[in-house]
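Visitor: The amino acid sequence is not available; the structure is as follows:
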């Protein structure tokens, strides 16, 4: 006998309870994950590049499961090409390594910064064509160098 959706279960698009539903779905997924993997101990990581008080660039990500995930990296057009993005990314990697991370991953589009990331040691491990239409989204990763052994 094949199991199917019980007849008393309705699938509905929600807007009124979307936040509550999201929280419950996330809690259920995390409970399932804990049965299969150690807690990730996710910690936010945010870096800012400032010229005086003005934000001219930044990096937003998180660390967990010994990985750095770079969610957002941006440098204002007037400041691009001056090494700010490189400094932000390397500072994030250094902080992630300090937190025990061994690798990093991120994504970018074909019209964004793939060559920039590749110059800094990232390699493509996945691509999604036609997302957005007419473009490609890439996922890249980087393994951090092993920490140097302490002198005896």
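Guide: That came through, no problem. Note that the structure is predicted; figures quoted are calculated from it, not measured. Numbers count the residues shown, from 1 in each chain.
Visitor: Point me to the helix or strand that includes residue 97.
Guide: helix 84-98 (DSSP states H and E).
Visitor: For the spatially most central residue of the chain, which residues count as its bridge partners?
Guide: Centre of the chain computed as the mean C-alpha position; nearest residue by CA atoms, centre = their mean is residue 69, 3.2 Å away. Bridge pairing for residue 69 (DSSP bridges) gives the partners residue 62, residue 105.
Visitor: Assess the claim that it and residue 105 are in contact.
Guide: Yes: applying CB atoms under 8 Å as the test, residue 69 and residue 105 come out as touching, 5.9 Å apart. C-betas here are computed from N, CA, C, even on glycine.
Visitor: by contact count, what packs against the helix holding residue 97?
Guide: Contacts of helix 84-98 with other secondary structure elements, assessed using 3 or more CB pairs under 8 Å, 6 or more residues apart in numbering; DSSP states H and E, are made with strand 43-51, strand 54-64, strand 67-75, strand 103-109, helix 114-119.
Visitor: what's it in contact with?
Guide: Under the contact criterion CB atoms under 8 Å, 6 or more residues apart in numbering, helix 84-98 has outside partners 45, 47, 49, 56-59, 61, 63, 67-68, 70, 73, 75, 104, 113, 116-117, 120, 142, 144, 147.
Visitor: Please spell out the PyMOL selection for the buried subset of the residues you listed.
Guide: Selection command for PyMOL covering only the buried members of the contacts of helix 84-98, criterion 16 or more other CB atoms under 10 Å:
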select buried, resi 45+47+49+56+57+58+59+61+63+67+68+70+73+75+104+113+117+120+142+144
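Visitor: and stretch 117-126, average pLDDT?
Guide: Predicted confidence along stretch 117-126 averages 98 (mean pLDDT).
Visitor: follow-up on the earlier one: show the contacting residues for the residue nearest to the centre of the chain.
Guide: Residue 69 is in contact with 61, 62, 63, 104, 105, 106, counting by CB under 8 Å, 6+ apart.
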